[in-house]
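turn this into a model:
(4 chains)
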Number of protein chains: 2
Amino acid sequence: MTVETGGVDQGRLFELLWGTPTAPRRGPRPTLTLAAIARAGIAIADTDGLDGLTMQRVAESLDVTKMALYRYVPGRAELVALMLETAVGEPPPPPAGADWRGQLDDWARQLFDRFRRHPWAQAATAGPRLPGPNELAWLERVVAALAGTGLTGGEQLDVAVLLVGHARNLAQHAAPDDAPGAGREAAFGVLIRGREERFPALDAALRDTDLEAPDAALDFGLARILDGIDALITTRSARRS
Amino acid sequence: MTVETGGVDQGRLFELLWGTPTAPRRGPRPTLTLAAIARAGIAIADTDGLDGLTMQRVAESLDVTKMALYRYVPGRAELVALMLETAVGEPPPPPAGADWRGQLDDWARQLFDRFRRHPWAQAATAGPRLPGPNELAWLERVVAALAGTGLTGGEQLDVAVLLVGHARNLAQHAAPDDAPGAGREAAFGVLIRGREERFPALDAALRDTDLEAPDAALDFGLARILDGIDALITTRSARRS
DNA sequence: TCTAAACTGTGTCCCTCGGATACAGAGTAC
DNA sequence: GTACTCTGTATCCGAGGGACACAGTTTAGA
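Presented below is the predicted three-dimensional model:
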């Protein structure tokens, strides 16, 4: 009996993400590597999204048959998980000499950048899933940055969840390459026009919005979140002394 | 020429979400309604996820043929959009006599609740998409609550984005029904065990985590966000006077 | 050196699912 | 009553994920 969730074999997925790659002792040399397969899949998904990602296309871009991929990857779902783990990659080193706030600010922006470069990652991270080593390494950085701030372990993890959510969420709203017509006016203006009495506050807000910098929403949210965390740390350390 | 994005006809989707339902003048009476179809789809997706949602199953649960659905809905993608719009529903009335903070706090929890009841909504809201009337109505509430706080229109929308992201993100982490074994220890503990030297801070944080309340992460993030917004409003109004 | 085992990539097959199309019946305007 | 319009259905197709058996390749062991 194997443990399955939504067609994904958890055991094989764990082996794929966490297992140590071991070369086979006998038989023909493998012509592919997990890394190469993941890269090929990422390239396809980056241009055509997850819908455009088929085993056939990945195989073609590697000059093998579709079924050859199944020697390396249990199935499509697991391939996407592997692509995700590869796409986020290892977390960047924390900026030298930065306090917790500087570290978290940099961290969130870096993560945002990875998500923006791979729009499909947004969809791929929906729902509960098994995190890979790289993903945990990113988490580790947040918690490490918060050590010594007086926050409990649970709160440190809560901060991580909060920041991940913000970075990922804003990568969705941001156009991949600052494409024209991706602004709020283009998104909402058309819908509200002619329905001002139904959405008066939205209408007013849209009129009050000047052309924002591309990542203004990221900056704004990040600043609010870090301000809130700062307030908590300050209050608590003041109370303790 | 029709404008398409990822196989979704934007024009027909707009008509589906925003058009006024008009009864046909001739021919047999329709046996179905958009609302009934959406409900049937939601029921299926609630139990088996978006992967379990097939046109066949939706049709079966309504006692019609698969192809009958296409008289009402352009395709599967548009059905999901309609389901989403139906599942979020109309926003609740703001709590009487609450200030902006009380309103936003309640708003975020209500939205969180909707997302938690429909786990598939997380995946359905990934990527840019056309919002429906209900979705805009939710946004309207946030912006309305912030009118008069001194925030610019753009900032008010930034707040909305921030809150939506948090509510949606945490619905993902929260188990639908407080299922056992859904805690952090179950999720991360197994992965870290034996790799403590690789994730020292995470290991320490997990040990420092006592059993949290089910929605502790939601509360924590929400409190930080609202604190941060409060700080901004306070500082700015102080500077203005 | 020879043989058996292990492993790889391939060809073929099947099933599921989304969707196009043609058609028969139902209901209405004239 | 007749022509037109709209509905649900039956049939068909192609794409895509994946199972399976097989042939070829490399190595361990006799």
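
for A:Pro131, what are phi and psi?
Main-chain torsions, A:Pro131, degrees, to the nearest 10: phi -80, psi 150.

quick check: it vs B:Arg184, distance?
A:Pro131 sits 12 Å away from B:Arg184, taking CB to CB, to the nearest Å as the criterion. (Each C-beta comes from the backbone N, C-alpha and C, glycine too.)

now do A:Pro200
Distance of A:Pro200 to B:Arg184, computed by CB to CB: 43 Å.

tell me which of these two has more neighbours.
Counted by other CB atoms under 10 Å in any protein chain shown, A:Pro200 and B:Arg184 do not tie: B:Arg184 has more neighbours, with 18 against 15.

relative to A:Thr33, how far out is that one?
Per CB to CB, B:Arg184 is found 33 Å from A:Thr33.

for A:Arg109, what are its contacts?
When contacts are counted by CB atoms under 8 Å, 6 or more residues apart in numbering or on different chains, A:Arg109 touches A:Ala167, A:Leu218, A:Leu222.

burial of the second one, as a residue count?
Summarising burial for A:Leu218: neighbours were counted as other CB under 10 Å, giving 24.

ok, for it, nearest residue in space, not its chain neighbours?
Closest residue in space to A:Leu218, ignoring its immediate chain neighbours: A:Leu170 at 4.6 Å, by CB to CB, 6 or more residues apart in numbering or on different chains.

wait, the one you found touches A:Gly221, no?
Yes - in this structure A:Leu170 lies within contact range of A:Gly221 using CB atoms under 8 Å: 6.8 Å.

so which of these two has more stuff around it?
Counted by other CB under 10 Å, A:Leu170 and A:Gly221 do not tie: A:Gly221 has more neighbours, with 28 against 24.

hang on, that one packs against B:Asp158?
Yes - shown here, A:Gly221 and B:Asp158 form a contact pair, counting by CB under 8 Å, at 6.3 Å.

what parts of chain A come near DNA strand C?
Proximity of chain A to DNA strand C (CB under 7 Å from any atom of the strand) is limited to residues A:24-32, A:64-65, A:67-68, A:71-72.

filter the residues you listed to the buried ones?
Neighbour counting by 16 or more other CB atoms under 10 Å in any protein chain shown classes A:Leu32, A:Val64, A:Ala68, A:Tyr72 among these as buried.

mind checking pLDDT for the third one?
What it means is A:Ala68. pLDDT, A:Ala68: 98.

for A:Pro94, give me the backbone phi and psi.
The phi/psi pair for A:Pro94 (degrees, to the nearest 10) is phi -60, psi 140.

how far away is it from B:Leu163?
Distance, A:Pro94 to B:Leu163, by CB to CB: 29 Å.

out of the two, which sits in the more crowded spot?
For A:Pro94 and B:Leu163, the more surrounded residue by other CB under 10 Å is B:Leu163, and the numbers stand at 25 against 16.

in terms of helices and strands, where is that one?
Assigned by DSSP states H and E, B:Leu163 falls within helix B:153-173.

what lies in contact with the very next helix or strand once past that helix?
Next in sequence after helix B:153-173, counting helices and strands by DSSP H and E, comes helix B:184. Residues from elsewhere that reach helix B:184 (CB under 8 Å, 6+ apart): A:Gly154, A:Leu157, B:Leu206, B:Thr209, B:Glu212.

residues contacting the first one?
This means A:Gly154. With contact set as CB under 8 Å, 6+ apart, A:Gly154 has these partners: B:Arg184, B:Ala205, B:Asp208, B:Thr209, B:Asp210, B:Glu212, B:Ala216.

list only those of those flagged as buried.
Among the contacts of A:Gly154, those scoring as buried are B:Arg184, B:Ala205, B:Thr209, B:Glu212, B:Ala216 (criterion: 16+ other CB under 10 Å).

what sits up against stretch A:138-148?
Stretch A:138-148 has contacts (CB under 8 Å, 6+ apart) with A:88, A:91, A:94, A:100, A:103-104, A:107, A:111, A:131, A:153, A:156-157, A:159-160, A:163-164, B:198-202, B:204-205.

let's go with 7 Å and repeat that
Contact with stretch A:138-148 is made by A:88, A:91, A:94, A:100, A:103-104, A:107, A:111, A:156-157, A:159-160, A:163, B:199, B:201-202, B:205, as judged by CB atoms under 7 Å, 6 or more residues apart in numbering or on different chains.

so which of these reach DNA strand D?
Among the contacts of stretch A:138-148, no residue lies close to DNA strand D (CB under 7 Å from any atom of the strand).

top helix in chain A by residue count?
For chain A, the helix that runs over the most residues, judged by DSSP state H, is helix A:216-240.

tell me the first helix or strand C-terminal of the lowest-mean-pLDDT helix or strand in chain A.
Here the helix or strand of chain A ranked lowest by mean pLDDT, DSSP states H and E is strand A:4-5, holding a mean of 52. Sequence-wise, the next helix or strand downstream of strand A:4-5 (DSSP H and E) is strand A:8-9.

other SSEs contacting that following strand?
For strand A:8-9, there is no helix or strand it packs on, judged by 3 or more CB pairs under 7 Å, 6 or more residues apart in numbering or on different chains; DSSP states H and E.

so is that strand next to DNA strand D?
No - for a cut-off given as CB under 7 Å from any atom of the strand, strand A:8-9 has no contacts with DNA strand D; the smallest distance is 8.3 Å.

from the chain's centre, how far out is that strand? Work that out for me.
Distance of strand A:8-9 from the chain centroid (CA atoms, centre = their mean, to the nearest Å) equals 21 Å.

with just CA atoms, put the next helix or strand after it into PDB.
Note on strand A:8-9: by DSSP H and E, the next helix or strand toward the C-terminus is helix A:10-18. The C-alpha trace of helix A:10-18 is given here as PDB (Å, rounded to 0.1, in the frame of the first residue of the first chain):
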ATOM      1  CA  GLN A  10       4.200  10.900  -1.600                       C
ATOM      2  CA  GLY A  11       6.900   8.300  -1.200                       C
ATOM      3  CA  ARG A  12       8.300   8.600  -4.600                       C
ATOM      4  CA  LEU A  13       8.000  12.400  -4.500                       C
ATOM      5  CA  PHE A  14      10.000  12.400  -1.300                       C
ATOM      6  CA  GLU A  15      12.600  10.300  -2.900                       C
ATOM      7  CA  LEU A  16      12.700  12.600  -5.900                       C
ATOM      8  CA  LEU A  17      13.100  15.800  -3.900                       C
ATOM      9  CA  TRP A  18      15.100  14.600  -0.900                       C
END
